[in-house]
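Asker: prediction below, plus the sequence it came from.
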Amino acid sequence: MRGRPHLAAAACAPLKAQRRGALLQAIGRFGNNGDIVIAIGEYEVVPEGAVGIERNRFVVDPDFRAGVRASVEDDFGVDVEKKSTRAAKRLRAPACTEAGTERAGCAAKPAAPAAPAAAPAKSASPKGGADAWPWRSVFDPAPIQPESTAALSNMRATIARRLVESKTTIPHFYLEIEVDAAPLGALRAQLNAGLGQDGVRLSVNDFILKASAAALRAVPGVNASWDAAGIKFHGAVHVSFAVAIEDGLITPVIRETDQKSVVQISTEAKDLGKRAKEKKLTPAEYTGGTFCVSNLGMMGIARFSAIINPPNAAILAVGATVRKPVVQDDQIVIGERMSLTLSCDHRVVDGALGARFLNALKDHLEHPALLLV
């Protein structure tokens with residue numbers, strides 16, 4: 001086994017690098033001795049003295065004065081050269097090279113005037129994503145957040161109580177179906193192109209809400225709730241939809257959903273969603289729903305199961321539209337598929353009833369022109 005120099009032992013000595021480029025901080029430590037794998041690659045100039053990581057830029061900490069390539073290939077099966085190459089493409093730092101030598105302790109020299117440090121950028125969202133997550137350095141030693149205990153808001157306490165009540169008192173079961181989303185996508189594109197000048201932009205969720213209402217008309221047994229006196233069947237269709245807000249989530253209700261057009265539903269949903277985030281909804285606008293839709297597809301979630309919102313007997317979880325190989329006319333082609341998962345209260349909805357509802361919903365979504373009638 002080759003000797004493994006410690007960081008302190010090499011702190012003042014020039015280290016022969018395997019390639020020309022920039023010294024990019026340690027990738028990680030391996031073994032009991034804490035040997036360091038370093039990354040070497042291309043760089044871009046950053047303000048002198050800057051420290052930290054920003055999107056697509058890596059700045060060497062001035063306290064980092066040496067890097068030792070660990071002899072880890074034999075012991076740990078790590079290909080240092082390939083790992084360094086990948087890291088160099090992702091992380092860039094000021095050059096500190098001299099004829100193929102990385103000299104420990106050398107400082108980064110900017111080739112351009114210093115500029116104010118840019119605000120930390122966010123990473124790219126998943127395709128169709130709504131909220132990006134903030135980039136945070138994997139080398140940042142600071143705690144990810146202060147140690148604290150936050151007092152529960154009235155909304156968070158109510159959500160917690162109702163969710164525990166739902167999962168502990170309602171016998172959930174789950175049904176999933178896959179929908180061909182290509183026809184819906186094509187119709188939506190046509191309508192948005194044709195109505196764009198009128199300020200109309202329909203979302204996938206607008207069609208989901210309308211299709212859910214149509215499916216409830218076709219299979220009304222799902223439009224019900226459990227009551228101490230028995231099963232209560234609702235004559236009107238009031239579809240609610242989950243909206244994430246600062247304190248948790250809320251479910252605004254579109255009343256008489258089956259009686260409204262997709263455009264009307266879209267307009268009302270946008271208004272309710274906006275006022276929900278501003279906490280300006282009245283109790284009448286988020287209570288009294290008979291069925292609920294929770295959509296995480298716009299955040300890149302392919303499929304999930306939602307918790308029933310009492311007193312509803314079911315809730316629909318909508319996943320993202322995914323392009324993948326499918327069999328069509330005995331041929332493998334690229335299709336667009338959407339996963340729908342129905343969480344059911346088994347006291348009210350049996351498996352066969354839930355299956356009929358999902359098939360009615362699937363039929364409306366795969367023939368979306370029916371939703372325009």
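Answerer: Arrived safely.
Asker: can you point out the buried residues in the strand or helix carrying W226?
Answerer: If you go by DSSP states H and E, W226 is part of strand 224-227. Burial within strand 224-227, assessed by neighbour count using 16 or more other C-beta atoms under 10 Å, is assigned to A224, S225, W226. In short, each C-beta sits where N, CA and C put it, glycine included.
Asker: same check on stretch 286-305?
Answerer: Neighbour-count burial for stretch 286-305, with 16+ other C-beta under 10 Å as criterion, is recorded at 286, 289-298, 301, 303.
Asker: over to stretch 264-277?
Answerer: I265, S266, T267, E268, A269, L272, G273, A276.
Asker: quick one: which of these is nearest I250?
Answerer: Distance to I250, by C-beta to C-beta, is smallest for A276 among the buried residues of stretch 264-277, at 5.2 Å.
Asker: now the closest one: closest residue in space, sequence neighbours ignored.
Answerer: Counting by C-beta to C-beta, 6 or more residues apart in numbering, A276 lies nearest to V243, which is 4.4 Å off, once chain neighbours are set aside.
Asker: quick one: that neighbour and P252 touch, right?
Answerer: Yes - the criterion here is C-beta atoms under 8 Å, and V243 meets it with P252 at 6.2 Å.
Asker: what's the strand holding W226 packed up against?
Answerer: Judged by 3 or more C-beta pairs under 8 Å, 6 or more residues apart in numbering; DSSP states H and E, the packing partners of strand 224-227 are strand 230-233.
Asker: hang on, the earlier thing: pLDDT for the buried residues of stretch 264-277 - can I get that in a markdown table?
Answerer: Putting the buried residues of stretch 264-277 into a markdown table (pLDDT from 0 to 100) gives the following:
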| residue | pLDDT |
| --- | --- |
| I265 | 98 |
| S266 | 97 |
| T267 | 97 |
| E268 | 98 |
| A269 | 98 |
| L272 | 98 |
| G273 | 97 |
| A276 | 96 |
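Asker: of these, closest to P220?
Answerer: Within these, the smallest distance to P220 is 19.4 Å, found for I265 (C-beta to C-beta).
Asker: need phi/psi at that closest one.
Answerer: Taking degrees, to the nearest 10, you get phi -60, psi -40 for the backbone angles of I265.
Asker: and the gap between it and T251?
Answerer: From I265 across to T251, the span is 15 Å (C-beta to C-beta, to the nearest Å).
Asker: before we move on, what about K167?
Answerer: K167 sits 17 Å away from T251 when distances are taken as C-beta to C-beta.
Asker: and these two? Which one has more around it.
Answerer: T251 (22 against 11; other C-beta atoms under 10 Å).
Asker: Provide the secondary structure category for the closest residue to the more buried one other than its chain neighbours.
Answerer: Leaving aside its chain neighbours, T251 sits nearest to S240 (4.0 Å; criterion: C-beta to C-beta, 6+ apart). Secondary structure assignment for S240 (DSSP: H, G, I helix; E, B strand; the rest coil): strand.
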